[in-house]
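Novice: Here you go, sequence then predicted model.
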Amino acid sequence: MHASTENGADGEVASEEDPLPHFSLNDECIDDDVNDVDTELAAPKKKPKWWVRRAGRRGTKSQRRALASLSDRYIIPPVRGPYPPSGPRIDLGAFFDGTGPPDAPATLEVGFGTGEVLVENVVTAAGAEGRRYVGVETHSPSAIKCLQALEARGCRSNVRVFIGDAANFLRRAPLGYFDRTV
């Protein structure tokens, strides 16, 4: 899959191959049936508005390069298809394979922005070595800054990042996996 040849935000020509065919900075994370409630007392059903990545934005050349080089270490890719129980859940244990006991406690941080708090929690929190961290952020450039900060601080084994909508992630996450949210 080749990228378009339009000029990017930093003026370069984007003609290189997409480094991650399974993940794109343009993926949309909209799910309109999240608020389906079937009770008489519930408010009228409205389609929720979600923060989504805008189509046509691929990020700067350095952001694309960072995403390509760091994704294998940190990114939890999106899962396509129907939601559980008929569809698959994300096997988070596979992303932390070999980084501690399989039942290690896990912290979820939703909307971490550029990741200052996530990085500090991973680096300085008491017991950080025995704890797993998963961050969920819908704004790709911010998430990429977090990936770069994690790499610079040497946090490789106990932290993973999902770039997308938290509601979609939580619908696919294993039940009872997280014991703390930030």
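Specialist: Thanks, I have it.

Novice: what about stretch 152-165, start to end distance?
Specialist: End-to-end distance for stretch 152-165, by C-alpha to C-alpha, to the nearest Å: 26 Å.

Novice: before we move on, what about stretch 107-115?
Specialist: Note: stretch 107-115 ends 14 Å apart using C-alpha to C-alpha.

Novice: tell me the contacts of residue 155?
Specialist: If you count contacts by C-beta atoms under 8 Å, 6 or more residues apart in numbering, residue 155 has them with 119, 122, 123. The way it works is simple: take the backbone N, C-alpha and C, and place the C-beta from them, glycine included.

Novice: Now do the SS call for the last one.
Specialist: Local secondary structure at residue 123 is given as helix here, using DSSP: H, G, I helix; E, B strand; the rest coil.

Novice: ok, and the closest non-adjacent residue to it?
Specialist: Nearest residue to residue 123, sequence neighbours excluded (C-beta to C-beta, 6 or more residues apart in numbering): residue 153, at 5.4 Å.

Novice: Kindly report the same for residue 179.
Specialist: Residue 179 sits nearest to residue 105 (C-beta to C-beta, 6+ apart), 4.9 Å away.

Novice: do the same with residue 173
Specialist: With C-beta to C-beta, 6+ apart, the residue lying closest to residue 173 is residue 90, at 5.8 Å.
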